[in-house]
Every structure is written in C-alpha cells, then in structure tokens.
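Visitor: quick check, what structure comes out for this input:
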Amino acid sequence: MSDSNSQASSLLAFLTSQARSRGTRVPAVAEASNTAQRGAVEELAAELAALETLQLRSELLEERMTADKYKALFAQLPSHEDTMQLDEAPPGAGPDAAAEASNNPAEAITVKLVPEFEEVANQELKFKVVISLKAASDVVKPANVALMAVVDKSGSMQGQKIELVKGTVEFLAEQLGANDALGLVTYSDSAKGDLPMLLMTPAAKSIAKAVNNRIRADGCTALHDGLMMAVKEHSADVKSSSGEGTRRVRSIFLCTDGLPNIGPSDAISIVSALRAQLAPLAAAEEPVSIHTFGFGQDHDPKLLQAIAEAGSGIYYHIQNDRQIPEAFGDALGGLLSVVASNVRISITAETAGGGVMISNVHSGGKIETTADPSKQRVVKFADLFADENREMLLELQLPATQQDDRQTQQLVKVDVSYTDPVSGVTVNRRHVLDVTRSAVVPAGQKRNDLVATTAARFQVAEAVKAAGAESDAGRYGGAELLLEDAKQKVRQQGIGEAEWVSASTGSALLQALCHCM
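Guide: Residues are numbered from 1 along each chain as shown. All right, here's what the predicted structure looks like:
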C-alpha cells in the first residue's frame, strides 16, 4: 500500500474512532470489490443520474444488487444492526416512541429578551435590548441530511491530498444513515456529477465507495462550475421530493487546495451566481448551507470565506492532515445536531403612546426587507444546532412619557418561528418585553452584563471589518487607528480587558494588531 493510501486509511480509522467516541452510529460498510469493472460502475452511475427521485434511485440500486454484472460491488453487506434506521426507537422504548417523538417535537429554542436596564427615565432616550436564542442541548432524534460533497481533483491535488479527501468522503458515506442522502461532484477542467444524490442504503454506500475510489487528480480548477452543479442537484431533489413529506437538512462541503482558473474566478462573480441559485431554495424553506475546506497555503481564503458566508456556513483552513478529522467532524456533527431550521425572528415596535422606534438590529443573520424598518425588523437564520447560542442586539429609541409616577411600558413584540427538522412541524412563539419608566431612576442601577458584552462584540466586529478593508488597501496605520478607537469606545462603556479579548476572539487581524497597541 502506498504512503498516501496508508495515510487515508489511517485517517478513516481515526475519524471513525472519533465518531464512536461521540456516540455516533458508525455502520460497518462493505468494501466495493476491487474486481468491479469500470464499465459496470459507469453504467450504473449513468442509470442513477437519469432517474429523478431519490426513491427511484434507491429502488434501482436494490434491484441491481442481484444482477451478475454488479455482484462484485455488492458482494458483502452489513448486518441489520449496523444499518439500523435513524428513526427506529431505542431498545425498550416501545413501538410508538419514534412516531411520538416526530409528531410532538420538544421545544427546540428558548428565547429571552434582556433589557439594558430594568428601569429607565421617562424622557426620550436610546435603549438597547438583547434577544437571546438558546437551542436545546439534546437531540432527541437526528435530522435527516442531504449532503453534496464537491471535491477539487485538479493536478495540484495529486498524491496525499486527494487520498485524504477521498478517505473523508468515504467517512461521510459511512456516517450517514438510510434516511440520509449523499452526492458527489468533482471538478478539474470541468465539473462532473460522479454520484447523484442517493439515500445511503447499504447498496448505495457500496456504489458510493466504488465511485469515490476511482477519482484521479489532473487538470485545472473549475470551482464555480462544481459548486453550481451541487446547488442544482439540491434544487432537483427539492423539486422531485415535494409532497413526500420528507424534510432534510441540506448542505454542501466544498474542498479545494488552489485558485479557480477556469470559468468565473473572482469572489464577487462566484458569490453573486451562488446567491442567485440559493435564493429560490431559501424561499421554498429548503435552505442549503455551504461549508468550505481550504487545504494548504495556495487557496484563496477570502473567496472560501465569502462562499461560506453566502451559504451560512463555516470556512475551515486545513494546514495539515491532523486538522481534517476535527474540521469535517465539526461540520458533519453540526448537520446531524440541527434542532431548528428556517428560524425567523420578527421584531415589532410598540406604536402606542408616541411610539417606540427601532434604530438598528445587529444579528449575524439575514435581514428581510420590511415596509417600515423603524417599526418592524425581520431576521432569518438557516439552522440552529444543539446547544448553540445566538445573541442579537436591538437598538431602540424610546419616546418620552407624560406621567410622573412609575409605569410599565411595552417596548417590542418578538415573534419566533422555526421548523422542526425531523417532523416538518412549524413552531410559533411570541415574546413581549416590558420595562418600567419613571421620573426618578433608582441610584446605582447596573447595566446588564449580557447587553454590555453583546454590544461590545458587535462594535468590535464592525471595527474589524472596516480595519480589514484598510489593511487590504495597504493602509495599516488606518486599520490600527480604527481598532484602537473601537477599543477605547468599548472601555468607555465599562467593558474591561477580559471582555475586549473575548469580543475580539476569532479575528487574526485584530489579535495581531492588538500586540502593537
């Protein structure tokens, strides 16, 4: 066995052991026979691609299992225990346990509205509120997943890198269950749909491994075409599965080690085309997240970051093979632990008594257009993962009140809706925030810590973005001044050094410049 094949096998073994240590089901999948004929594999892949639905593709695979031409591929199959459906109830839970969990989803999101102060003056003033979303920590039943792997097979991927990526694709196939779907697109001089999206039954896993093992690195880098082909496969699956009642958490894993050099290659063109393809899926409440994996030092991190942001995903920089298990394990673990999809937060200001005005919302999510942003704002998140926290900062303008005595004033109504990813049930919840207005505010009232640190975090994020633009233009002094100004403003708000460091975590630019301040 070559060194690269040995490393890939070691990687697969490590990934599998990591999954088992987390308690994740890892089925024992049969190896595709080395004697399988290339023509047989290509013919079967072509037959699968010609079918429109996942169900038809899976049925075709089950039929082909008994055909002489494909016996080499399906010679060994895992036992029933190894391929237990994800929706089967655990032992001793009773026959109706799985159905009951699907029909009665647990509360997936806890919402808290946290005011800057509990009591404020009755004059006109600015006021901050944190909308805190806390996802449930336990996943009663993993969501069904539809995943497209998009693999760079250009010449620069030859050797160890392509073998490691192939080992990772094999790991992804093994981790997914019979209700999950996996497809594979590769790209070099052009994009190729190597494997149409298939339900990962035992037969499908065998053909997926056979197709994956035949990938060879050569040629240039048509990243745009590979990415667009994967999005279109998701679109086709949504169209063909409409009405089936089956919901899946959809995602794309994009892997590359270099720069696009065929077709659109700049971030603006690629991201613009990507957003146009993703928008109809999001509108149909079938959003697709995109996680990007950049191998080595020769790829474009800003391009992969922009693609990940457009797809509400994460960019992973993989500098060596030791980082692969953590990166792919984190991304896949997130998909399997989605507890709420299509999360929508509608914020409506109270209009009585002069009217509360919404000045701004900082969220990290996607902002929908509303008729009057001063009265209503809408924020959307694609998914929330188990134990995930999301804090949004709401900036309000409160009107003066006429009464001199203490009174309670309603500020905003917050309507939160989300889809249970397993059952497809839409959950709607309303939350209302009241504060006390008075002529004389109690002395020594302390600003809420969560509001203070959340405000600092968003202020730092905006400063980092502006400083990044200055740095890209070669104006490093201007970048340093922007960050120093943000740091001083945060300190003036009573945020100490520890909170500043916490708020700035994750920005390499900020961390580097902070050493100079």
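
Visitor: what about residue 430, how many neighbours?
Guide: Residues near residue 430, counting by other C-beta atoms under 10 Å, number 12. Every C-beta, even on glycine, is put in place using the N, C-alpha and C of the backbone.

Visitor: and the contacts of stretch 397-412?
Guide: Applying C-beta atoms under 8 Å, 6 or more residues apart in numbering, the contact partners of stretch 397-412 are 113, 115, 119-120, 122-127, 129, 347-350, 352-359, 394, 396, 432-439.

Visitor: need the buried ones from those selected in PyMOL.
Guide: In PyMOL, this line selects whichever of the contacts of stretch 397-412 come out buried by 16 or more other C-beta atoms under 10 Å:
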select buried, resi 113+115+120+122+127+129+347+348+349+350+356+357+358+394+396+433+435+436+437+438
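
Visitor: against residue 47, how distant is the closest residue to residue 69 other than its chain neighbours?
Guide: Spatial nearest neighbour of residue 69, chain neighbours left out: residue 40 (5.0 Å); criterion: C-beta to C-beta, 6 or more residues apart in numbering. Distance, residue 40 to residue 47, using C-beta to C-beta, to the nearest Å: 11 Å.

Visitor: which of those two has more neighbours?
Guide: For residue 40 versus residue 47, neighbours defined as other C-beta under 10 Å are more numerous around residue 40 (18 against 14).

Visitor: quick check, the more buried one in a helix?
Guide: Yes. Assignment of residue 40 by DSSP: H, G, I helix; E, B strand; the rest coil places it within a helix.

Visitor: mind checking pLDDT for it?
Guide: For residue 40, the model assigns a pLDDT of 72.

Visitor: so how far is residue 200 from it?
Guide: Counting by C-beta to C-beta, the gap from residue 40 to residue 200 is 20 Å.

Visitor: for the protein, what's the longest helix?
Guide: helix 449-472 (DSSP state H).

Visitor: just give me the neighbour total for residue 266.
Guide: Look at residue 266: counted by other C-beta under 10 Å, it has 13 neighbours.

Visitor: any stretches of the protein with poor pLDDT?
Guide: Along the chain, the parts satisfying pLDDT under 70 run over 1-38, 52, 54, 71-106, 243-246, 353-354, 404, 493-517.

Visitor: and the residue sitting nearest the centre point of it, helix, strand or coil?
Guide: Residue closest to the average C-alpha location in the chain (C-alpha atoms, centre = their mean): residue 313, at 3.9 Å. Three-state assignment for residue 313 (three-state DSSP): coil.

Visitor: is it in contact with residue 289, as I believe?
Guide: Yes. Taking contacts as C-beta atoms under 8 Å, residue 313 lies within contact range of residue 289: 4.6 Å.

Visitor: list residues touching both of the two?
Guide: Shared contacts of residue 313 and residue 289, counting by C-beta under 8 Å, 6+ apart, come down to residue 251.

Visitor: can you name the element that comes right after the longest helix of the chain?
Guide: helix 476-492 (DSSP states H and E).

Visitor: surely residue 235 is in contact with residue 277?
Guide: Yes. Residue 235 is within contact range of residue 277, at 7.3 Å (criterion: C-beta under 8 Å).

Visitor: the stretch 201-350 of the chain: strands as residue ranges?
Guide: All strands of the stretch 201-350 of the chain, identified by DSSP state E, counting those that start in this stretch, fall at 249-256, 288-295, 315-318, 338-349.

Visitor: and the first one, what other elements does it pack with?
Guide: When contacts are defined as 3 or more C-beta pairs under 8 Å, 6 or more residues apart in numbering; DSSP states H and E, strand 249-256 packs onto strand 145-152, helix 160-175, helix 223-241, strand 288-295, helix 301-310, helix 324-336.

Visitor: can I get the fifth one in CSV? Just the C-alpha atoms.
Guide: Which is helix 301-310. Provided in CSV are the C-alpha atoms of helix 301-310 (Å, rounded to 0.1, in the frame of the first residue of the first chain):
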residue,chain,number,x,y,z
PRO,A,301,-9.1,32.2,2.0
LYS,A,302,-11.2,35.3,1.3
LEU,A,303,-13.0,33.5,-1.6
LEU,A,304,-13.8,30.5,0.6
GLN,A,305,-14.8,32.7,3.5
ALA,A,306,-17.2,34.6,1.2
ILE,A,307,-18.7,31.4,-0.2
ALA,A,308,-19.2,30.1,3.3
GLU,A,309,-20.8,33.3,4.4
ALA,A,310,-23.2,33.3,1.4
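
Visitor: quick one, it and strand 249-256 angle?
Guide: Counting by axes from the mean of the first three to the mean of the last three C-alpha atoms, to 10 degrees, helix 301-310 lies at 170 degrees to strand 249-256.

Visitor: what's the answer for the third one, then?
Guide: Interaxial angle of helix 223-241 relative to strand 249-256 (the same axes, to 10 degrees): 160 degrees.

Visitor: can you name the residues in contact with helix 223-241?
Guide: Here helix 223-241 has contacts from 52-54, 146, 148, 150-152, 181, 183, 185-187, 190-191, 193, 196-197, 250, 252, 254, 256, 260, 262-265, 269-270, 273-274, 277-278, 280-281, 284, 286, 288, 290, 307, using C-beta under 8 Å, 6+ apart.

Visitor: coming back round to it: for the longest helix of the chain, name the packing helices and strands.
Guide: strand 109-115, strand 125-135, strand 389-398, helix 476-492, helix 497-504, helix 508-514.

Visitor: try it again at 6 Å.
Guide: Under the contact definition 3 or more C-beta pairs under 6 Å, 6 or more residues apart in numbering; DSSP states H and E, helix 449-472 sits against strand 125-135, strand 389-398, helix 476-492, helix 497-504.

Visitor: those: which one's closest to residue 335?
Guide: Across those, residue 335 has its closest neighbour in strand 125-135 (14.0 Å, C-beta to C-beta).

Visitor: pull up the pairing partners for the closest one, direction included.
Guide: Paired strands of strand 125-135, with direction, are strand 109-115 (antiparallel), strand 389-398 (antiparallel) (DSSP bridges).

Visitor: tell me the most buried of these?
Guide: strand 389-398 (a mean of 20; mean count of other C-beta atoms under 10 Å).

Visitor: quick one: it to strand 338-349, angle?
Guide: 0 degrees.

Visitor: now do the buried residues in the following helix or strand past strand 389-398.
Guide: Using DSSP H and E, the next helix or strand after strand 389-398 towards the C-terminus is strand 407-419. Applying a neighbour-count criterion of 16+ other C-beta under 10 Å, one finds 409, 411-414, 416-419 buried in strand 407-419.

Visitor: counting by contacts, list what the helix or strand just after strand 407-419 packs against.
Guide: Later in the chain than strand 407-419, the nearest helix or strand by DSSP H and E is strand 426-438. Using 3+ C-beta pairs under 6 Å, 6+ apart as the contact test, the elements touching strand 426-438 are strand 109-115, strand 407-419.

Visitor: looking at the ones you listed, spot the one closest to residue 489.
Guide: Between the helices and strands packed on strand 426-438, strand 109-115 lies closest to residue 489; by C-beta to C-beta that is 21.3 Å.

Visitor: from the chain's centroid, how far away is the closest one?
Guide: In terms of C-alpha atoms, centre = their mean, to the nearest Å, the centre of strand 109-115 is set 22 Å apart from its chain centre.

Visitor: which other residues reach that strand?
Guide: 129-135, 340, 416, 431, 433, 435, 448, 450-451 (C-beta atoms under 6 Å, 6 or more residues apart in numbering).

Visitor: one more time with 7 Å, if that's ok
Guide: Applying C-beta atoms under 7 Å, 6 or more residues apart in numbering, the contact partners of strand 109-115 are 129-135, 340, 384, 414, 416, 418, 429, 431, 433, 435, 448, 450-451.
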